[in-house]
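[1] Here you go, sequence then predicted model.
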Amino acid sequence: MARAYWIGALPSYFAYLVTQPLELGGVGTLEIIRGWVDAGERSKGLFSALLRQASGADLPLVADREGITEVAHVALKRARGFTHSYFDIQREQFVPTDEVPEDERFCAFSNGKRWLLTLTPVALPNVLKSVLPGGSHS
């Protein structure tokens, strides 16, 4: 079941995030299926706050399987309070960032998309340790 988070109140919303549960490689995660921050409110930490609230500090978040834009990828990479890795759809396993070619780290469409950006709350740095090759992530 999808869950929505937002900042603001009628008639003005400043940011929102929608997630749904998704199991990847035997690990429970939350897939980010929609997110938005009002242009006038960007760079104020609202998106990071929504991501932290959604993760509850105990679940990794993964990028939308339908693909994400470069802008969305940058926003997710800049989110404070998370470490990053990727889920390799072809091998069905989590991999460290350095194993993913730079030009394949995001794709706006699901066809051809192999990698899902994964955000792990800093409060749980070892949540993916057992499923990442080499036991670490960046």
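    Looks like it came in fine.
[2] isn't V95 right next to H84, touching?
    No: in this structure, V95 is not within contact of H84 by C-beta atoms under 8 Å, at 11.1 Å. Any C-beta I mention is one placed from the backbone N, CA and C, and that applies to glycine too.
[3] Show me which of these two is the more surrounded one.
    Each of V95 and H84 had its neighbours counted (other C-beta atoms under 10 Å), and the higher figure belongs to V95 (20 against 17).
[4] Please report the distance of the more buried one from L24.
    For V95, the distance to L24 under the criterion C-beta to C-beta, to the nearest Å works out to 12 Å.
[5] Output the longest strand belonging to the chain.
    If you go by DSSP state E, the chain has its longest strand at strand 12-24.
[6] partners of the following helix or strand past that strand, with directions?
    The first helix or strand that comes after strand 12-24 along the chain, using DSSP states H and E, is strand 27-37. Under the criterion DSSP bridges, strand 27-37 sits next to strand 12-24 (antiparallel), strand 61-62 (parallel) in its sheet.
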